[in-house]
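K.L.:
sharing a model that was predicted from the sequence below.
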Amino acid sequence: VQLQACGGGLVQAGGSLRLSCTASGSIGSTNVMGWYRQAPGKQRDLVATISNSGSTNFADSVKGRFAISRDNAKNTVYLQMNSLKPEDTAVYYCHVRVIIVQAIVDRVYEYWGQGTLVTVSS
């Protein structure tokens, strides 16, 4: 599985950006797609995730500003970022967790995209 992300760029505070990430290859029917971000000198943190059933999870810092959605037919996940702040500046990484449900122990595979830079100027 390979992940191709796009949509990053430079935007002023208060502006919006939309990221997209498409997975090539099979990601099965049970999976979680999402976005993480890493600011300079900081660890990589969760931004938002969405399961194949549509359940979502957001970091507190982006709740109410960011929205995540997916197109299962296209294996694509989107991150709509509104009301951007300078502290949202980071490299954003697409992530997919594929879960193979088995009788005893599920098998889990994780994939990362190459990252796309989002810069929010004040």
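P.N.:
Noted; the coordinates are in hand.

K.L.:
centre of the chain versus the lengthiest strand in the chain, how much separation?
P.N.:
Scanning the chain for the strand with the most residues, using DSSP state E, yields strand 90-100. Strand 90-100 sits 6 Å away from the centroid of its parent chain (Cα atoms, centre = their mean, to the nearest Å).

K.L.:
ok, now which ones touch the spatially most central residue of the chain?
P.N.:
Residue closest to the average C-alpha location in the chain (Cα atoms, centre = their mean): Trp35, at 1.9 Å. Shown in contact with Trp35 (Cβ atoms under 8 Å, 6 or more residues apart in numbering): 19, 21, 46-49, 68, 77, 79, 92-95. Heads up, the C-betas are built off the backbone N, CA and C, glycines and all.

K.L.:
now rank these by neighbours and give me the top one.
P.N.:
Within the contacts of Trp35, neighbour counts (other Cβ atoms under 10 Å) peak at Val77, which reaches 28 neighbours.

K.L.:
without its sequence neighbours, what residue ends up closest to the residue nearest to the centre of the chain?
P.N.:
Val47 (4.3 Å; Cβ to Cβ, 6 or more residues apart in numbering).

K.L.:
the helix or strand Tyr111 falls within relative to strand 90-100, how many degrees between them?
P.N.:
Using DSSP states H and E, Tyr111 sits in strand 107-112. Here strand 107-112 runs at an angle of 160 degrees relative to strand 90-100 (axes from the mean of the first three to the mean of the last three Cα atoms, to 10 degrees).

K.L.:
strand 107-112 pairs with which strands, parallel or anti?
P.N.:
Partners of strand 107-112 in the sheet, by DSSP bridges, are strand 90-100 (antiparallel).

K.L.:
ok, and what's touching the strand it pairs with?
P.N.:
Contacts for strand 90-100 (Cβ under 8 Å, 6+ apart): 1, 3, 5, 8, 19, 21, 23, 27-28, 30-39, 42, 44, 47, 49, 77, 79, 106-118.
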